[in-house]
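Peer 1: Give me a 3D structure for the following:
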Amino acid sequence: MRHGLYKYYSEPKWAEEFLDGKLLFHSLSYFRDYEDKKVRGDQNEGAAIFRPEGGLLVHNQTQGTTFTLARHTFESTANQEEIFVFCLSRSLTDILRREFKAVACIEVLNIATFCARVEDALPNAKFPGRAGRTRIGHRVEYYRETDGANPRWALPDIIATSKLDCYSWQDEYRLVFCTTDALGFQKVSLRLVQENASEGPKPAEHHKYLVQARSLRDICQLHVF
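Peer 2: Predicted coordinates:
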């Protein structure tokens, strides 16, 4: 079975730009604030969430006590405005076509070459992964909010390539980079969040980064719906 990547577009002109090697990345904060009923938008984008059933078990080491903190979430947040992502899918389905209101879809036939060309266009960027084994492209890992937070909480590159399992239908693959140290170990903010607490959008954190890679026409196929 052939495994490719798929990028859905609601306008043909964006598909043509993709084929020409023009990829528009957005900061994680852009998708965090995007409002479209959990298709592109995810209020937990760029954050690792731990919300166990029955509440958070808290240990007070000073007083030697243990108690349960109900209706709270442990949240580890990466620097959402400094990490850029470009989202694709590993699936070509009617559900994705409908949800993304797509009129065209690009199929990437050679994933390794595709990622290499984008990396070559970002000579000063940093990518997720262990030292000496970093790469721009990663399959998204889906997890449940009741799953333990370790070791995800300390690794912003893992946070940037993880989402809650309610998004697993998207079968996402994403390209990730930054131009700062935002993907470094423990470059995160930790906090306890009370249930139903929310913050408003922060448009000042919505950044774009246009990457101009080599033409991708020789390794892609255009599908028109």
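Peer 1: Neighbouring strands - and their directions - for the worst-scoring helix or strand of the chain on mean pLDDT?
Peer 2: When each helix and strand of the chain is scored by mean pLDDT, DSSP states H and E, strand 56-60 comes last, with a mean of 79. With DSSP bridges as the test, strand 56-60 is paired with strand 65-69 (antiparallel).
Peer 1: what about stretch 162-170, distance to the chain center?
Peer 2: Distance of stretch 162-170 from the chain centroid (C-alpha atoms, centre = their mean, to the nearest Å) equals 10 Å.
Peer 1: again, but for stretch 67-79
Peer 2: With C-alpha atoms, centre = their mean, you get 20 Å for stretch 67-79.
Peer 1: what does that stretch rub up against?
Peer 2: 28, 46-51, 54-58, 60, 145, 149, 152-154, 156, 159-160, 178, 180, 182-183, 187-195 (C-beta atoms under 8 Å, 6 or more residues apart in numbering). Bear in mind the C-beta positions are built from the backbone N, C-alpha and C, glycine included.
Peer 1: That stretch - what's its average pLDDT?
Peer 2: Summarised as a single mean, pLDDT over stretch 67-79 is 89.
Peer 1: Pull out the buried residues from it.
Peer 2: Going by neighbour count (16 or more other C-beta atoms under 10 Å), the buried part of stretch 67-79 is 72-79.
Peer 1: One more: stretch 125-136?
Peer 2: If you call a residue buried by 16+ other C-beta under 10 Å, then stretch 125-136 has these buried ones: 125-129, 134, 136.
Peer 1: how long is it end to end?
Peer 2: 9 Å (C-alpha to C-alpha, to the nearest Å).
Peer 1: Relative to the whole chain's centre, how far out is it?
Peer 2: Distance of stretch 125-136 from the chain centroid (C-alpha atoms, centre = their mean) equals 15 Å.
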